[in-house]
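> please work out how this folds:
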Amino acid sequence: MADTGLSGRTVVVTGAGSGIGRATALRFAREGAKVLVADLNAEGAKKAVAEIESQGGSAVAVVGDLSRPEVVNEVVTTAMETLGGLDVLVNNAGIMDRMSAAADTDDAEWDLVLRVNLTAPFQLTRAALPHMLEAGKGAIVFTASEASLRGSAAGTAYTVSKHGIAGLTKSLAVMYRDQGIRVNAIAPGGTATAIKVDAQDGAHGPAVIGSYANNVGRPAAAEEQAAAIVFLASDAASNINGVILPVDNGWSAV
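Below you'll find the predicted structure:
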């Protein structure tokens with residue numbers, strides 16, 4: 001079995017107060033990593049830290065909206081000054097849209113989804129990169145989506161945001177591969193988490209998307225997505241770069 005090489009490394013996981021992010025933070029901690037739990041929900045973040053510490057791990061929480069520059073700065077500063085570095089960045093935090101088709105997507109829905117799902121992870125990555133470049137190494141993993149691969153998995157805003165994450169992943173991989181930084185993403189299919197879709201009854205988008213629901217297959221557990229994230233960040237994936245990895249029980253093959 002390959003050594004993951006994660007023991008002692010510092011890992012930032014966004015959206016780590018629940019769902020895939022929480023499962024990912026816990027799994028990194030079990031591998032011996034020091035984990036920064038970043039989340040908008042203070043209670044969820046503190047519970048994740050407490051669980052890691054109860055299992056003998058090391059963790060710290062940063063609470064706030066990652067689309068705000070001061071929160072981005074706090075995450076990076078805390079990782080560097082409190083945990084001693086920034087070896088792995090997992091850009092996992094995100095929100096769903098209302099499954100709206102383009103004609104029904106208002107500016108508020110578009111702006112919020114793009115800001116949280118694409119702009120915020122870009123800004124955090126930009127802030128983390130100088131430290132990784134100085135160290136000459138680093139691993140970044142994004143949570144993309146099945147909606148990164150097709151147009152039938154979500155509404156317009158979410159689909160565009162996750163296609164953007166796929167493009168950002170590939171651009172970063174090319175730009176920084178010769179400087180010791182690997183960048184990959186998982187593309188989850190249906191996953192059992194607490195995320196709810198506030199779809200409008202009778203709207204065109206949800207009706208169209210619903211017609212493809214039979215292709216989803218068995219929903220994944222959050223821990224299954226976490227396993228893929230930790231693998232991509234680990235030394236076991238040392239020559240994997242620029243990949244959008246479907247973790248979807250074959251949905252992308254249908």
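> pull the CA atoms of the biggest helix by length in the chain into CSV?
With residue count as the measure and DSSP state H as the assignment, the chain has helix 156-176 as its longest helix. C-alpha atoms of helix 156-176 as CSV (Å, rounded to 0.1, in the frame of the first residue of the first chain):
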residue,chain,number,x,y,z
THR,A,156,-27.7,27.3,-15.6
ALA,A,157,-25.8,29.2,-12.8
TYR,A,158,-24.5,26.0,-11.1
THR,A,159,-23.6,24.4,-14.3
VAL,A,160,-21.6,27.4,-15.5
SER,A,161,-19.9,27.7,-12.1
LYS,A,162,-18.8,24.1,-12.1
HIS,A,163,-17.7,24.2,-15.7
GLY,A,164,-15.6,27.2,-14.6
ILE,A,165,-14.1,25.1,-11.8
ALA,A,166,-13.1,22.5,-14.4
GLY,A,167,-11.4,25.1,-16.5
LEU,A,168,-9.7,26.7,-13.5
THR,A,169,-8.4,23.2,-12.4
LYS,A,170,-6.8,22.6,-15.9
SER,A,171,-5.4,26.1,-16.2
LEU,A,172,-3.7,25.9,-12.8
ALA,A,173,-2.3,22.4,-13.6
VAL,A,174,-0.7,23.6,-16.7
MET,A,175,0.6,26.9,-15.3
TYR,A,176,2.3,25.4,-12.2
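> who's the nearest residue to Glu74 once chain neighbours are set aside bridged to?
Using C-beta to C-beta, 6 or more residues apart in numbering and skipping the chain neighbours, the partner closest in space to Glu74 is Val62 (5.4 Å). The way it works is simple: take the backbone N, C-alpha and C, and place the C-beta from them, glycine included. Beta-bridge pairing for Val62 (DSSP bridges): Ala38.
> tell me how far Val62 lies from Ser252.
33 Å (C-beta to C-beta, to the nearest Å).
> what do you get for Gly64?
Gly64 is 34 Å from Ser252, by C-beta to C-beta.
> of Val62 and Ser252, which one has the most company?
Higher neighbour count among Val62 and Ser252: Val62, with 22 against 17, using other C-beta atoms under 10 Å.
> let me see the contact set for that one.
Leu36, Val37, Ala38, Ala45, Val71, Glu74, Val75, Thr78 (C-beta atoms under 8 Å, 6 or more residues apart in numbering).
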